[in-house]
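Asks: Have a look at this prediction, sequence included:
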Amino acid sequence: MTTDASLLLDRRRFLVVVAGAAATAACGNANAGPASLGEVGAGNVKDVTAGTLQPVGSEPVLLGRDSGGLYAMTISCTHQGCDVEPSGSGASLTVYCPCHGSQFDRNGGVLRGPANAPLVHFAVSVDGSGNITIHGGTQVDASTRTAVA
């Protein structure tokens, strides 16, 4: 014989299981891919100072310049796809995800999780006039730089 109390317990147990599964799915650690990005004009090389990492307009990409040259990487956190933001300056410059607290170095390498994969890098080219183009359809190794004069 089924009582109201046993039905209530079964419903409660069911809700606990369903809620737990939903929480696990929402906070899973599946790597998120970068936001879709095509060919993006990113200004002129004369306007990009060495040691900087800056957003490119409203595009889902950051443009950096170091002693090796120019590089570009996604703003999509590899944990859940939230937009990351540069934080700090100079030697203390990092990239931070405000959603779950992941932190990346200035080259997109993971410093602190929950992200467990580095940020994706894209090819960069510079024309004869110094105009920068980020090629969002071409992923490159994180060590790739485009030399600038």
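Replies: Noted; the coordinates are in hand. The structure presented is a predicted model; accordingly, all values stated were derived computationally and were not measured.
Asks: Now do residue 124 against residue 149, distance only.
Replies: Distance from residue 124 to residue 149, counting by Cβ to Cβ, to the nearest Å: 15 Å. (Glycine included, C-beta is placed from N, CA and C.)
Asks: Same check on residue 81?
Replies: Distance from residue 81 to residue 149, by Cβ to Cβ: 36 Å.
Asks: and the two? which has more neighbours close in?
Replies: Neighbours around residue 81 and residue 149, counted as other Cβ atoms under 10 Å, are more numerous at residue 81. The numbers are 18 against 6.
Asks: which secondary structure element contains that one?
Replies: Element membership for residue 81, per DSSP states H and E: none, as it lies in no helix or strand.
Asks: before we move on, what about residue 117?
Replies: When secondary structure is defined using DSSP H and E, no element contains residue 117, which sits outside every helix and strand.
Asks: Double-check it against residue 78; I have them as touching.
Replies: Yes. Between residue 117 and residue 78 a contact is recorded at 4.1 Å, counting by Cβ atoms under 8 Å.
Asks: Pick out whichever of the two has more residues nearby.
Replies: When neighbours are counted by other Cβ under 10 Å, residue 117 and residue 78 differ, and residue 78 comes out ahead with 26 against 16.
Asks: report the longest strand in this protein, please.
Replies: In the chain, taking DSSP state E as the definition, the longest strand is strand 131-140.
Asks: Output that one as CSV, nothing but the C-alphas.
Replies: What follows is strand 131-140, C-alpha atoms only, in CSV (Å, rounded to 0.1, in the frame of the first residue of the first chain):
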residue,chain,number,x,y,z
ASN,A,131,47.6,47.5,-40.8
ILE,A,132,46.9,44.4,-38.6
THR,A,133,44.6,41.6,-39.5
ILE,A,134,43.6,38.8,-37.1
HIS,A,135,42.7,35.6,-39.0
GLY,A,136,40.0,34.0,-36.7
GLY,A,137,39.7,31.0,-38.9
THR,A,138,43.3,30.0,-38.4
GLN,A,139,44.4,28.8,-35.0
VAL,A,140,48.1,28.8,-34.2
